[in-house]
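Asks: Need coordinates for the following:
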Amino acid sequence: MRINRRQFAALMVVLSLPEISGAANGKSGLFWRAKFPSQEIVLFGYVRVRSDFFPDIVAEGKRLIDQSKLILIDMNPGLTLSTTKFKNSDLRPVFPRLPQPYQEELKAILSTSQARNATESLSGFEVGLLLIGEGQHSFTADAPSIGLELANYGVSIGRSVKTLASDSEMRSMQKPPTLEMINSVGPDSIAYLLDLRRRIGPIGEYLDELYKAGKSAEIASLGEEITAKGIFTPTDFMDADRLRALFVERIANMPVGTNAFAMLPIGLLSGSYSILPELRTRDAEVTAIE
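Replies: This is a model prediction of the structure:
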């Protein structure tokens, strides 16, 4: 088994949802405005999904970019993160440990995926990733992610694009998965995801629909539920506390007169990992953009 940057990025997007505990009691929104005494930043919570399935969000992002002079992105989209490899013989297959009804259900779900011939040998980690991402609108070179679409638009109208975190900073905060972590996702967690799928349909598709509707609090609530069942959290793959602190410092200390549109993972704009409360302590007036 090999976990590359694309899979890591997918984990950080989909799994940024579980760690925003308590957000269900907060205000939903994808766009926020942080007005400091000497600068103004529009904050956009992105998910790395295909942009053409979310035309209203893209249109709102472009409108706000038109009003900004600079685009800030969290990290270099072309960054190469370290690759983790595991011997297949070291992975513990989850399929044989599932009760019979769940085995048949999982086989049927994966029968149309690239993993169809390996269903019985996949670890719980791999099966969980497939189930959580099922139905999500994946981006391609010809159909870019929503973040790349907005960044490209900004460049096309003459806006500069800068990263909040350098390549070396992002690499230093990465926490590659361990074999113990991979093998820790067991049959109970997978059975839960299959039960959840019966309740809401393909999980990735459902999350996309919540995102399209701007329901970040509902995304967070579902994410918290998933985390509680032993799947995985973003803090397993990245030093989230350090990353959060870095983004707060960079945004709060932009040069005087800055008027920027900043794109951050949605999990950093809601709940316990939200940077919004911290920005308020830095003299920012933070409001949702309706």
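Asks: okay, CA-based contacts and neighbour counts for the rest of this
Replies: Fine.
Asks: Touching, residue 81 and residue 172? I think so.
Replies: No. No contact is recorded between residue 81 and residue 172 when judged using Cα atoms under 8 Å, the distance being 9.8 Å.
Asks: Settle it for me: which of the two has more neighbours?
Replies: Shown here are residue 81 and residue 172; by other Cα atoms under 10 Å, residue 81 has more neighbours (18 against 12).
Asks: Let's verify that one: helix, strand, or coil?
Replies: Classification of residue 81 using DSSP: H, G, I helix; E, B strand; the rest coil returns coil.
Asks: Would you mind measuring from it to residue 144?
Replies: 20 Å (Cα to Cα, to the nearest Å).
Asks: I'd like to know how many residues surround the residue nearest to residue 170 when sequence neighbours are not counted.
Replies: Counting by Cα to Cα, 6 or more residues apart in numbering, the nearest residue to residue 170 once its immediate chain neighbours are dropped is residue 75, at 7.4 Å. By other Cα under 10 Å, 17 other residues sit near residue 75.
Asks: Confirm residue 75 sits in a helix?
Replies: No. According to three-state DSSP, residue 75 belongs to no helix; its state is coil.
Asks: what's near enough to touch it?
Replies: With contacts taken as Cα atoms under 8 Å, 6 or more residues apart in numbering, residue 75 has the following neighbours: 163, 164, 165, 166, 167, 170.
Asks: and the residue with the largest distance to the centre of the chain, how far is that from residue 199?
Replies: With distances taken from the mean C-alpha point of the chain and given as Cα atoms, centre = their mean, the most distant residue is residue 100, at 32.5 Å. To residue 199, residue 100 is 19 Å away according to Cα to Cα.
Asks: Residue 37 too?
Replies: Summarising the geometry, the distance separating residue 37 from residue 199, computed by Cα to Cα, is 47 Å.
Asks: ok, back up a step: now do the phi/psi pair for the residue farthest from the centre of the chain.
Replies: In this entry, residue 100 is assigned phi and psi values of phi -50, psi -50 (degrees, to the nearest 10).
Asks: I'd like the distance from it to residue 156, if you could.
Replies: Distance from residue 100 to residue 156, by Cα to Cα: 55 Å.
Asks: Most neighbours among the contacts of residue 75, which one is it?
Replies: residue 164 (21 neighbours).
Asks: What number of residues are in the vicinity of the residue nearest to that one when sequence neighbours are not counted?
Replies: Distances taken as Cα to Cα, 6+ apart put residue 74 closest to residue 164, at 5.0 Å, once the chain neighbours are dropped. Burial measure for residue 74: 17 neighbouring residues, criterion other Cα under 10 Å.
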